[in-house]
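next comes the sequence, and after it the predicted model I'd like to discuss.
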There are 2 protein chains.
Amino acid sequence: MFIGNISYLSFMKSKNTPAEPTKSELEILQVLWKCGPSTVRFVNDQLNEEKREVNYTSTLKLMQIMFEKGLVDRDDSQMKHVYTAAVEEKKMKAMLLDKFVETLYDGSASTLMMQLLGNKKTSKKELEAIREILKKLDQ
Amino acid sequence: MFIGNISYLSFMKSKNTPAEPTKSELEILQVLWKCGPSTVRFVNDQLNEEKREVNYTSTLKLMQIMFEKGLVDRDDSQMKHVYTAAVEEKKMKAMLLDKFVETLYDGSASTLMMQLLGNKKTSKKELEAIREILKKLDQ
DNA sequence: TTGTTCCTACGAAAAATTTCCTAACTTTTA
DNA sequence: TAAAAGTTAGGAAATTTTTCGTAGGAACAA
């Protein structure tokens, strides 16, 4: 029997609600988002250059786990497997932002804004950029 | 010999750069921020009502650890110890926000804003509030 | 007093996350 | 060809975080 529509299985883990990455997993995702499909070797080199010293097999293991979780896809037709982020950067970051706002600011974006604007590190340039965004929203 | 100025010790952990709380520790801090000085019993009840089922001694242990880390202060002159957040809500949240923006948006507040504004969950009311904030910044 | 309930301290188990060692195989180099 | 270097898989150790059991007192009620 052929079942064409399997949407009733949508409660299962899927790309709609991807597993939440751990800190280390997020670091790896960032590399994949920034640099595109990469080998373990490349990702590991990036981490060592930009983040911290980490053994090759540690990165390998982590990426294998991420594959099992569905956080990355992988092309293993060649010896050097090529990994790709399986979750869109925007979607994932939106998800993390949502959760962040929820836990810290009770879901209130404007409260977060006030924190952000009261923060020394938010420069005048940033402020200008934010005004621009709001302006464009008007149009 | 009396040493009046110990500012050269400022690299040590202090309230300036408080230890980063874990997820569970943050939950407890939120209760203390919201409700003020509290006993373990009270915090535990709050968590069970508002968050998730958790055993009393688990909460106790966690709060003891937080005391060692300097995340909370405690008055143990009475049998029922009374705990207080040792870090200001605003400071801690600002710190967490900073780190969040740093790791996810390369430190760019305006990039975060765009995500936030592109988000369905940011209602019109929120937008209005944000505009108000910016207006007041002008004055 | 005596038993019940509540409290803290402490240690350890359990769970989650991160790290790395080893084996087996492939590719490259000499 | 043979050694060296690179790659994956798998397991297990190490670390961090979370949970809870137990013991020993203190407060309280009968």
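Alright, I've got the coordinates. Since the structure is predicted, the reported quantities are computational estimates derived from the model, not experimental observations.

got the end-to-end distance for stretch A:29-40?
12 Å (Cα to Cα, to the nearest Å).

what's in contact with that stretch?
A:21, A:42-43, A:46-47, A:56, A:59-60, A:63, A:66, A:71-72, A:75, A:80-85, A:87, A:89, A:92 (Cβ atoms under 8 Å, 6 or more residues apart in numbering or on different chains). Every residue, glycine included, has its C-beta placed from N, CA and C.

give me the subset of those residues touching DNA strand D.
Restricting the contacts of stretch A:29-40 to those within reach of DNA strand D (Cβ under 7 Å from any atom of the strand) leaves A:Tyr56, A:Leu60, A:Lys80, A:His81.

in terms of helices and strands, where is A:Met114?
helix A:109-117 (DSSP states H and E).

what about that helix, distance to the chain center?
22 Å (Cα atoms, centre = their mean, to the nearest Å).

helix or strand next in line after that helix, which one?
Later in the chain than helix A:109-117, the nearest helix or strand by DSSP H and E is helix A:124-138.

list the buried residues in that following helix.
Residues of helix A:124-138 classed as buried by neighbour count (16 or more other Cβ atoms under 10 Å in any protein chain shown): A:Glu126, A:Leu127, A:Ala129, A:Ile130, A:Ile133.

show me the contact partners of it.
A:Leu117, B:Ser108, B:Ala109, B:Ser110, B:Met113, B:Met114, B:Leu117, B:Leu127, B:Ile130, B:Arg131, B:Leu134, B:Leu137.

ok, the third one touching B:Asp98?
No. With contact defined as Cβ atoms under 8 Å, B:Ala109 and B:Asp98 do not form a contacting pair (9.7 Å).

more neighbours: which of these two?
Comparing B:Ala109 with B:Asp98 by other Cβ atoms under 10 Å in any protein chain shown, the one with more neighbours is B:Ala109, at 22 against 18.

tell me the confidence at the more buried one?
Predicted confidence (pLDDT) for B:Ala109: 85.

just A:Phe2 next, same as before
46.

does any part of the longest helix along chain A sit near chain B?
Looking across chain A with DSSP state H, the single longest helix is helix A:89-105. Yes. Judged by Cβ under 8 Å from any Cβ of the partner chain, helix A:89-105 comes into contact with chain B at A:Lys90, A:Lys93, A:Ala94, A:Leu96, A:Leu97, A:Asp98, A:Phe100, A:Val101, A:Thr103, A:Leu104, A:Tyr105.
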